[in-house]
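Undergrad: Got a predicted structure here, sequence first:
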Amino acid sequence: MGCALAAVIILVVLALVGVAMFLPPFSVGERLFSTPYKSLSAQSSSLSQNGLTLSVDPAKAGSGFGVRISAIASGVFEGQTAPNAQDAAWVKTAHAALAPALTLVSNVYGLQSQGPVPASLSLSIAVPQGMNATQLDLYRFDSQAGRWEFVPAQPSPDAATLVANVKSVPEHVGLFKSAHLVPVVGAVVDVGQTLSQPDARLANVIYPSGLQPSPAGTLQGVLPSEIMPGKGYAVIPVIRNFTNPAALDLATITSLLQNSALRAAHEDRLLEFATSKSYVGLAIDYRGLGTDLRDNFSAFISELAQKFHNANLTLSVVVPFPGQQGNSFDSAGYDWQALGASADSLEVLMPLDPQAFADNGLVSSGLRWAVGQVNRARIQIAVSLMSVQQTSGSFIPIAYSDALAPLGQVIVKPGVVQPQAPAQAALTGYNAQFVALDSSDTPAVKYFGPDGTLASTMWLTTGPALRARLDKISALNIAGIVALDLAAPGIAPDCLNALSTFKLTQPPGAQPSALALRWTVMANGKVLLAATAAPGTPFIYQADASNDSLVINAELVGASGTLGPAVLRVASVTPTPTTTPTSTPTPTNTPIPTNTRTPTLPVPATNTPQAHG
């Protein structure tokens, strides 16, 4: 009996030892029957399999780190082919958690590792042939949270792969393409501005501004009184560190961010205000932050976002356009990856220089970088609708009418002529030159002083120019735009139509075209002559004896606006008598301009809206 019991005990012990050998760290089964781990070291620093490459920096490789890669084909993941037994449960869970807007375009890769993860680890996935790398995103599946998460990644120099630097080895990862997003259109309204009904119908979200943080972390200022929840649009108040963007309050923000107690108090005051009315959330527009505040600002946004999300509120963060340094970009005090992971949206301030929107210009390259830093569904573009005055390398928003004012008005000399005698029509303003239209699609006028020196360049934000910018931006399939100055006076009349067609994803109404002057001569409502000329070329017309009064006008081709009219009278023409004088109104002639002085270039007001977006 004793011998039998001892034999049973020995068998049980051997069985337990056998089972243990098949468990980590021994994993005999895996070593015998599964793909072995590949050691990554200074001598062998990368592993490639089925389009995925995992690499370590040879100088920081360390020792004992190994990895193995498996691949699940897209057809298996999408349910077109049955998965094997060990993947079936995971595939079902991961596929159910995938957002409907995302489509898998690569394998789903499984990665397993052993040993300490090196400090520098990069992962790259080949871009499928024929696809644009800037339109693809890298996602990892978090099995504990049960969701897919965006992984910041940038295209390789040859755009053949998407490359990510990771701090841990993802369990599963793949390349995805998102469906086209219906753009969100937001609008900023400052104190003193009025939001018209057409403007209100254009916007999904209104951002009322006028509040700033105090040194104690409370809020001070007022919001536009007419902007309230319940009017058909979401309301997200903007908290800024300025009332005028030319005078930023960095001292207050620095104090709030660096003092943990003040920072927490400020977060609580923001939460209290956001929950005081039916606001959707808040937007934080703290500008001018240097790299010394980068970590503090990221921590502030992370903490604030957590509090807001717990209260079912959203948080938006305004970030300046990154500065370009060669092939890379510098975001100063704004860690885009950290901010994009915490906040619900990043609103990116666009440069005022219209030529930044040229093909392969600063905006194009900067936004390609941006969608590799932040989930494109969380990016909104903050654009100005104003025209722009460029003087000595500086760019200032300006009203559309002010940008055209230096052209002057139409004047005719002499004002009265004999039949067949020539009359000359010209503009009274600066010597002007229309700039050839380039790939920025923005018409421009250069104004020269009496001595021939360039006084200023006016870039005209017309409806077609605005729509061309928005179309270039939307090619990256971002979430939407914020119109910085939709409620401000001075926007070109056709900009609203451009915004409307963009929001409804309709084709643009007109294409950008070069500027020109179209001279017309009219009599009794009929056009007698039309001719196109440069702004510095006088228009000469010889009137016949058929009409005693002619109207000469100059219209802008490629933009909206007229610079006349002026009246030319033909002296010896006898007016034709009317048979029913009592029923014919007395004609009212437009007076001939008498003030022919050269207008001065407009000086934009210092409080021209530069809202966050």
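TA: Arrived safely. Because the structure is a prediction, the values reported are computed rather than measured.
Undergrad: what about the strands in the stretch 201-350 of the chain?
TA: Applying DSSP state E, counting those that start in this stretch to the stretch 201-350 of the chain gives strands spanning 205-213, 219-221, 234-235, 238-240, 281-285, 314-319, 323-325, 328-330, 345-349.
Undergrad: neighbouring contacts of the shortest one?
TA: Just to be clear, that refers to strand 234-235. Under the criterion Cβ atoms under 8 Å, 6 or more residues apart in numbering, residues 204-206, 208, 227-229, 277-280 lie in contact with strand 234-235. C-beta: built from backbone N, CA, C; applies to glycine.
Undergrad: That strand: partners in the sheet, and parallel or antiparallel?
TA: With DSSP bridges as the test, strand 234-235 is paired with strand 205-213 (parallel).
Undergrad: just the CA coordinates of the strand it pairs with, formatted as CSV?
TA: Output in CSV follows, covering the C-alpha atoms of strand 205-213 (Å, rounded to 0.1, in the frame of the first residue of the first chain):
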residue,chain,number,x,y,z
VAL,A,205,-20.3,74.8,-33.1
ILE,A,206,-20.0,78.4,-31.8
TYR,A,207,-17.0,79.4,-29.7
PRO,A,208,-17.8,82.6,-27.7
SER,A,209,-14.7,84.3,-26.4
GLY,A,210,-14.1,86.9,-23.8
LEU,A,211,-12.9,85.0,-20.7
GLN,A,212,-9.3,84.9,-19.3
PRO,A,213,-7.7,83.2,-16.3
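Undergrad: What's the mean pLDDT across that strand?
TA: Per-residue pLDDT values over strand 205-213 give a mean of 97.
Undergrad: And the strands in the stretch 351-500 of the chain?
TA: With strands called from DSSP E, counting those that start in this stretch, the stretch 351-500 of the chain shows them at 379-383, 387-391, 394-398, 410-413, 416-417, 422-427, 431-435, 444-448, 454-459, 480-483.
Undergrad: any idea how far the last one is from the chain center?
TA: Spelled out, it's strand 480-483. Distance of strand 480-483 from its chain centroid, counting by Cα atoms, centre = their mean, to the nearest Å, is 7 Å.
Undergrad: Then the shortest one?
TA: The gap between the average C-alpha position of strand 416-417 and the chain average comes to 55 Å, counting by Cα atoms, centre = their mean.
Undergrad: what's in contact with it?
TA: Residues from elsewhere that reach strand 416-417 (Cβ under 8 Å, 6+ apart): 423, 543, 568-571.
Undergrad: Including distance to residue 220, could those go into JSON lines?
TA: Output for those, formatted as JSON lines (distance: Cβ to Cβ, whole Å):
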{"residue": "423", "distance to residue 220": "62"}
{"residue": "543", "distance to residue 220": "66"}
{"residue": "568", "distance to residue 220": "60"}
{"residue": "569", "distance to residue 220": "62"}
{"residue": "570", "distance to residue 220": "67"}
{"residue": "571", "distance to residue 220": "68"}
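Undergrad: Going by neighbour count, which of those are buried?
TA: Buried by 16 or more other Cβ atoms under 10 Å: 423, 543, 568-570, out of the contacts of strand 416-417.
Undergrad: Select the helix or strand of this protein having the lowest average pLDDT value.
TA: Lowest mean confidence among the helices and strands of the chain (mean pLDDT, DSSP states H and E): helix 28-33, at a mean of 43.
Undergrad: Strand partners (parallel or antiparallel) of the very next helix or strand once past that one?
TA: With elements assigned by DSSP states H and E, the helix or strand that comes after helix 28-33 is strand 38-39. Within its sheet, strand 38-39 is paired with strand 66-72 (antiparallel), according to DSSP bridges.
Undergrad: Run a quick neighbour tally on the closest residue to residue 407 other than its chain neighbours.
TA: Nearest non-adjacent residue to residue 407, counting by Cβ to Cβ, 6 or more residues apart in numbering: residue 429, 4.5 Å away. Residue 429 has 21 neighbouring residues, counting by other Cβ atoms under 10 Å.
Undergrad: Ok, the one 5 residues further on next?
TA: The burial metric for residue 434, expressed as a neighbour count using other Cβ under 10 Å, is 20.
Undergrad: give the contact list for the nearest residue to it once chain neighbours are set aside.
TA: Spatial nearest neighbour of residue 434, excluding adjacent residues (Cβ to Cβ, 6+ apart): residue 515 at 4.0 Å. By Cβ under 8 Å, 6+ apart, residue 515 lies in contact with 434-435, 437, 443-445, 460, 556-559.
Undergrad: And residue 384, how far from residue 75?
TA: Relative to residue 75, residue 384 is positioned 47 Å away (Cβ to Cβ, to the nearest Å).
Undergrad: try residue 244
TA: Residue 244 is 58 Å from residue 75, by Cβ to Cβ.
Undergrad: Find me whatever residue is spatially closest to the residue sitting nearest the centre point of the chain, sequence neighbours aside.
TA: Centrality entry for the chain: nearest residue to the mean C-alpha point is residue 381, 2.1 Å, by Cα atoms, centre = their mean. Spatial nearest neighbour of residue 381, chain neighbours left out: residue 481 (4.8 Å); criterion: Cβ to Cβ, 6+ apart.
Undergrad: again with residue 543
TA: Nearest non-adjacent residue to residue 543, counting by Cβ to Cβ, 6+ apart: residue 570, 4.9 Å away.
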